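[1] Sequence first, then the predicted structure, then my questions.
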Amino acid sequence: MIEFFIVIITSLSIVYFLTMHFLETGLKKLKTPPKNILSDSLIKVSVIVACRNEEENIPGLIKCLLAQQTKNIDIEFILVNDRSEDSSGQLIDDRTNKDNRFKSIHIKDRVAGFAPKKYAIDCAIKEASGEINILTDADGRPGKDWVQSLVAYFQNGADMLLGYAPYTISQKSSLFMKMLALEYFAPAAVAAATTGLGYPLTCVGTNMAYRKNVYLEIGGFGEFKSFISGDDDLFLTRVRENGNYKIQYANDEKCHVFNAPPKTFKQFVNQRLRYASKGFVYPNKVTAGLTIYVLFNFFLFFGLIYGLFNMGPILWSSLAALAIKTFSEYKFTRKAAQAINDKRFTNYYFVTALLHVPYILFFGILGQLKIFRWAEKKTEHGIVK
């Protein structure tokens, strides 16, 4: 048993170290786009935001949208009121009445077999006049050059863009919030690295964009339209697996969209369970990779706990594996922070790493039960019927 454990955890450690090194090569392949739009002709762009009960966030969102620099861009902002029970619909209508660049869509009922947010996005895209669709959330806070910077990528040949959406955290925030921001940075780092490698694994709906024809040609959300989450990474899966489109990562700092972190610990847990709920929906090779990653953390956790009561080879091999994991992750994190242009919280890596193994096990396993709350109701299956 001891020999078996040592062989397994050593093998997994080597594979993990090599994987981290491989991801670093992806970061090196990220390209910086041209700073200015190449075309002198107007480019039609539609910014799409699905809103449900977002009365607290809509005013701030609109302020950011109004500040956008739109030289050589024919822009429209489509705000979708998705069955809101607060004043979101009225706030949206007030803006559309003042500015003809804003369009409103009001959804009153759920559609059978179609996840609400995906349906809201689908309605907006079909109504959009822009050849480029840029998506964010109501709590997203882009800078003034966001749209122009994203469009520059499309002018450089992109069909789909994945963007970075860090939490709005300052240096005065609590240690827990800084750790949370670093944890949230990790998927973005993987997204950037795997995009550089030509096989993007994940993205966030708070900051992504794609050509309208891409959405229409692949049939929108397709077989994933009933899944309550995944308007971002599951759609990315469809585009990537199609193989006919150029996907890039927008690592320009001007492309960042800041968004609000969870307000409570309960919201944090619920959000992470939702993120983890799609592990077995991805293509088999992605699911296999995620499974191996969870198993690596399981063996680490088991070895460390067992070793506390039984000093010996299992403990030492587990500590060695933990050291390899920590070193390779820290090295990758620092390089990713440089590539994505956000170095604020890398110094908090080691304190965050102390909780990483149980964190992965908790959410990685419990997330497969698909019990979480999305917007207004508890979801027990992750699929809308």
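    Noted; the coordinates are in hand. Residues are numbered from 1 along each chain as shown.

[2] Neighbours of Ile365, how many?
    Look at Ile365: counted by other C-beta atoms under 10 Å, it has 13 neighbours. C-beta here means a position set from N, CA and C on the backbone, and glycine is covered the same way.

[3] same question, Leu234
    20.

[4] which ones are touching it?
    221, 224, 227, 278, 281 (C-beta atoms under 8 Å, 6 or more residues apart in numbering).

[5] What strand or helix carries Ile169?
    Using DSSP states H and E, Ile169 sits within no helix or strand.

[6] Kindly apply the preceding question to Glu241 instead.
    helix 233-242.

[7] that older thread, state the pair within the contacts of Leu234 that is farthest apart.
    Using C-beta to C-beta, these span at most 12.9 Å, a distance reached by Phe221 and Lys278.

[8] Now do the shared contacts for those two.
    Common neighbours of Phe221 and Lys278 (C-beta under 8 Å, 6+ apart) are 230, 234.

[9] mind listing what's buried in the helix holding Glu241?
    233-240 (16 or more other C-beta atoms under 10 Å).

[10] I'd like the next helix or strand past it.
    Downstream of helix 233-242, the next assigned helix or strand under DSSP H and E is strand 247-250.

[11] for that next one, the distance to its chain's centre please.
    When distances are taken as C-alpha atoms, centre = their mean, to the nearest Å, strand 247-250 is centred 13 Å away from the chain's centroid.

[12] and for that strand, what are the contacting residues?
    So strand 247-250 is contacted by 30-31, 33, 149-150, 153, 156, 158-164, 191-192, 195-196, 200, 207, 209, 236, 239-240 (C-beta under 8 Å, 6+ apart).

[13] Inside strands: which ones of these?
    Residues of the contacts of strand 247-250 located in strands (DSSP state E): 160-163, 209.

[14] which of those tops the neighbour count?
    Gly163 (31 neighbours).

[15] Is that one in contact with Val204, as I believe?
    Yes. Between Gly163 and Val204 there is a contact under C-beta atoms under 8 Å: 7.5 Å.

[16] and the helix or strand harbouring Lys63, which residues are buried?
    Counting by DSSP H and E, the element that carries Lys63 is helix 58-66. Across helix 58-66, burial judged by 16+ other C-beta under 10 Å covers 58, 61-62, 64-65.

[17] Helix or strand next in line after it, which one?
    That would be, after helix 58-66 and using DSSP H and E, strand 73-82.

[18] what inclination does that following strand have with respect to helix 58-66?
    If you take axes from the mean of the first three to the mean of the last three C-alpha atoms, to 10 degrees, strand 73-82 sits at 160 degrees to helix 58-66.

[19] what about the most centrally placed residue in the chain, is that helix, strand or coil?
    The chain has Val204 as the residue nearest its centroid, 2.4 Å off, counting by C-alpha atoms, centre = their mean. Classification of Val204 using DSSP: H, G, I helix; E, B strand; the rest coil returns coil.

[20] Tell me who's in contact with it.
    Val204 neighbours (C-beta under 8 Å, 6+ apart): 162-163, 165, 187-188, 191, 232.

[21] and which of these is nearest to Arg83?
    Closest to Arg83, out of all of those and judged by C-beta to C-beta, is Asp232, at 20.6 Å.

[22] Next up, the contacts around Ile9.
    Per C-beta under 8 Å, 6+ apart, neighbours of Ile9: 296, 299-300, 303, 317-318, 321.

[23] could those residues go into TSV alongside distance to Lys126 and pLDDT?
    Below are the contacts of Ile9 laid out as TSV (distance: C-beta to C-beta, whole Å; pLDDT from 0 to 100):
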residue	distance to Lys126	pLDDT
Phe296	43	94
Phe299	48	92
Leu300	47	93
Gly303	53	92
Ser317	56	94
Ser318	53	93
Ala321	50	95
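
[24] Kindly report the domain assignment for the chain.
    The record's domain parsing of the chain by automatic domain parsing lists 2-27+283-379, 32-165+204-265.

[25] re earlier: let me have the contacts of Leu234 in a markdown table, adding neighbour count as columns.
    As requested, these are exported to a markdown table (neighbours: other C-beta atoms under 10 Å):
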| residue | neighbour count |
| --- | --- |
| Phe221 | 21 |
| Phe224 | 20 |
| Phe227 | 21 |
| Lys278 | 24 |
| Val281 | 18 |
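
[26] ok, so of those residues, who is nearest Gly367?
    Closest to Gly367, out of all of these and judged by C-beta to C-beta, is Lys278, at 8.3 Å.
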